[in-house]
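Q: here is my input; please provide its structure:
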Amino acid sequence: MKHDFFFDLCHFQTEDGQDVRLVLAEPVQAESLFAAIDRDRQMLQVWLPWVDKMTSSEIERRHLQQALTLFAAGKYLGLAIIVNGQPAGMIDLHNFRPGGGEIGYWLSRQAQRHGIVTQSTLLLCQYAFEKSGWHEVDLRILPGNLPSQRVAKHAGFVLLGQKGRFLVFRKERD
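A: Predicted coordinates:
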């Protein structure tokens, strides 16, 4: 079986047996990731303003190339979420600042409600704290996005308040 990922950074199974890998997002995954976005475009665009601009696999490929450039510069870490061998979303560390930064993610509808984003968020926090020396990680969530608010709660984030359009949740290093 051919896979469109090469650098497998993390592997786990959900309680209900979903096989999940977090792999370095690369341009070779553009078609698969664009197809996942396009399949769930209507759902995703409610919460993610960039979805409207993602209109082709070529645009996704350029995004992934830019992500690799930022990764090489130490300013971004973008991971594809592979569920049962298929790209199902992405999770990343971004908006780096001294001692911290933010996590962002999206996940296809069919992969939701298995704890994948919660577990991925916990693993990325662990990476940020242990490998990057961060002291805090934030999630910025629109007020109506109840599933993401549940992720924040289950991953141990605390609501700091609202900043602009977003609720800001923070997890601090123990």
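Q: ok, residues contacting stretch 143-160?
A: 47, 112, 115, 117-118, 121-122, 125, 137-139, 141-142, 162, 166-171 (CB atoms under 8 Å, 6 or more residues apart in numbering). Every residue, glycine included, has its C-beta placed from N, CA and C.
Q: so how far is it off the chain centroid?
A: Relative to its parent chain, stretch 143-160 has a centroid offset of 14 Å by CA atoms, centre = their mean, to the nearest Å.
Q: could you do stretch 53-73 as well?
A: For stretch 53-73, the separation from the chain centroid amounts to 14 Å (computed by CA atoms, centre = their mean).
Q: what mean pLDDT would you report for it?
A: In this model, stretch 53-73 carries a mean pLDDT of 96.
Q: what residues sit buried inside that stretch?
A: Neighbour-count burial for stretch 53-73, counted by 16 or more other CB atoms under 10 Å, picks out Met54, Ser57, Glu60, Arg61, His63, Leu64, Ala67, Leu70, Phe71.
Q: any idea which helix or strand carries the last one?
A: Going back to what we said before, that points to Phe71. According to DSSP states H and E, Phe71 maps onto helix 57-72.
Q: the longest strand in this structure is where?
A: Taking DSSP state E as the criterion, the chain has its longest strand at strand 86-97.
Q: which secondary structure elements does the worst-scoring helix or strand of the chain on mean pLDDT contact?
A: Every helix and strand of the chain was ranked by mean pLDDT, DSSP states H and E. The lowest is strand 8-13, at a mean of 87. Packed against strand 8-13 by the contact rule (3 or more CB pairs under 8 Å, 6 or more residues apart in numbering; DSSP states H and E) you find strand 19-24, helix 116-130.
Q: after the longest one comes which helix or strand?
A: Secondary structure here is assigned by DSSP H and E; on that basis, the next helix or strand after helix 116-130 toward the C-terminus is strand 136-141.
Q: contacting residues around that next one?
A: 93, 95, 99-104, 121, 124-125, 128-129, 148-149, 151-152, 157, 160, 163, 166-173.
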